[in-house]
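S.K.: next one to model:
(one chain, ligands or ions: 1)
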Amino acid sequence: VLDPERLSEAETLAKTLRLPLFEDARPQGFSHALALTPQRLELRTIGTRPPGPVTAELRDEDIRRRIRSGRRQPLARACGLHRDTGLRILDATAGLGRDGIVLAGLGCKVTLLERSPVIAALLRDGLARAAADAAFSSWLPQRVELLEEDAIAYMHSVARGHDVVYLDPMYPERGKHALAKKEMRTLRAVVGEDADAARLLEVALTYAARRVVVKRPPRGETLGGSSPDHQLSGNRARYDVYFTRKGLPAQ
Ligand SMILES: C[S@@+](CC[C@H](N)C(=O)[O-])C[C@H]1O[C@@H](n2cnc3c(N)ncnc32)[C@H](O)[C@@H]1O
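M.R.: Residues are numbered from 1 along each chain as shown. From the prediction side, this is the model:
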């Protein structure tokens, strides 16, 4: 905790996450620390020459540009937004919430699921800060909910309620040149490899009312055993689309 005024908030967070609390910015003997600053919650790597902190910053220009790009961008088309408005989307691997908030900004109702308590805490903080921003406050609280839960358990426990399930599990470890940005490396150090991603797709295929969309590296392998019905390529990623209500026109 780096802000004395937020001490009680930090105490509650440490208790919930069952983490020790320090008032020192660089406690000894740990690889990572959550830091509650006056502005935000940050995940920091501890060490010599660490990468910058990871936060859920949902108000940045990249997100605003992606929302402005509209319903014909690859992510939106993959989810079927160019055909239907007001879709209900289950973002089953929410992470830092970037794809989810773009989909909400384009008019969808989005349920964000994140099973890592640390990542969920970062995302909760990012959503609260975005909800207080004039550019987001008119739609974000009504369209976005965050649940700290495992998506496989969630889909087993609730009746079908979502048109689309969106999956973006951790990519397999790649070479130095790949998109494995510093942020993703820090995330991977905290949440691991998402080794159950193929099972997640299987369950999603039985749950989604209309389609499942899986984000993959541009030239990455498909996830699990079944081949997608359709693929869309963007600059940074490929989207594999699986229709669950067969007979829909491809696209
Ligand atoms: C690559 S990140 C997602 C990034 C996100 N699409 C974004 O735009 O910020 C993957 C996240 O999915 C979460 N995750 C993976 N499998 C999950 C599951 N079965 N249930 C809930 N969360 C899961 C991981 O903990 C990780 O935070």
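S.K.: S31 and the ligand, how far apart?
M.R.: Separation of S31 from the ligand (C-beta to the nearest ligand atom, to the nearest Å): 17 Å. (Each C-beta comes from the backbone N, C-alpha and C, glycine too.)
S.K.: dump the residue contacts of that residue.
M.R.: S31 makes contacts with 45-47, 189, as judged by C-beta atoms under 8 Å, 6 or more residues apart in numbering.
S.K.: and the biggest helix by length in the chain, what does it pack onto?
M.R.: Using DSSP state H to define each element, the chain has its longest helix at helix 117-131. Contacts defined by 3 or more C-beta pairs under 8 Å, 6 or more residues apart in numbering; DSSP states H and E place helix 117-131 against helix 7-17, strand 32-36, strand 41-45, helix 140-143, strand 144-147, helix 182-191.
S.K.: the ones you listed: lowest mean pLDDT?
M.R.: Here these differ in mean pLDDT, and the lowest is helix 182-191 at a mean of 86.
S.K.: centre of the chain to it, how far?
M.R.: In terms of C-alpha atoms, centre = their mean, to the nearest Å, the centre of helix 182-191 is found 13 Å from the chain centre.
S.K.: same deal with stretch 143-163?
M.R.: 14 Å.
S.K.: that stretch near the ligand anywhere?
M.R.: Yes. Stretch 143-163 comes into contact with the ligand (C-beta under 6 Å from any ligand atom), by way of 150-152.
S.K.: which residues in this structure form strands?
M.R.: 32-36, 41-45, 88-91, 109-113, 144-147, 164-167, 211-216, 230-233, 238-243 (DSSP state E).
S.K.: I'd like those as a markdown table, with distance to F22 and mean neighbour count appended.
M.R.: Formatted as a markdown table, these follow (distance: least, C-beta to C-beta, whole Å; neighbours: other C-beta atoms under 10 Å):
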| stretch | distance to F22 | mean neighbour count |
| --- | --- | --- |
| strand 32-36 | 7 | 19 |
| strand 41-45 | 12 | 21 |
| strand 88-91 | 33 | 24 |
| strand 109-113 | 29 | 24 |
| strand 144-147 | 27 | 18 |
| strand 164-167 | 36 | 26 |
| strand 211-216 | 36 | 25 |
| strand 230-233 | 45 | 16 |
| strand 238-243 | 42 | 20 |
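S.K.: can I get the ones you listed in a markdown table with distance to R18?
M.R.: Formatted as a markdown table, the strands of the chain follow (distance: least, C-beta to C-beta, whole Å):
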| stretch | distance to R18 |
| --- | --- |
| strand 32-36 | 12 |
| strand 41-45 | 16 |
| strand 88-91 | 26 |
| strand 109-113 | 21 |
| strand 144-147 | 20 |
| strand 164-167 | 28 |
| strand 211-216 | 31 |
| strand 230-233 | 41 |
| strand 238-243 | 37 |
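S.K.: could the helices and strands packed on helix 117-131 be laid out in TSV, adding distance to A78?
M.R.: Listed next are the helices and strands packed on helix 117-131 as TSV, based on distance: least, C-beta to C-beta, whole Å:
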stretch	distance to A78
helix 7-17	34
strand 32-36	33
strand 41-45	29
helix 140-143	19
strand 144-147	19
helix 182-191	21
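S.K.: which one, of the ones you listed, ends up nearest to E61?
M.R.: Ranking the helices and strands packed on helix 117-131 by their distance to E61 (criterion: C-beta to C-beta) puts helix 182-191 first, at 16.1 Å.
S.K.: out of the helices and strands packed on helix 117-131, which gets nearest to P74?
M.R.: helix 182-191 (19.6 Å).
S.K.: what residues does the closest one touch?
M.R.: Residues contacting helix 182-191 (C-beta under 8 Å, 6+ apart): 31-32, 43, 45, 51-52, 54, 95-96, 116, 118-119, 170-171, 173, 180.
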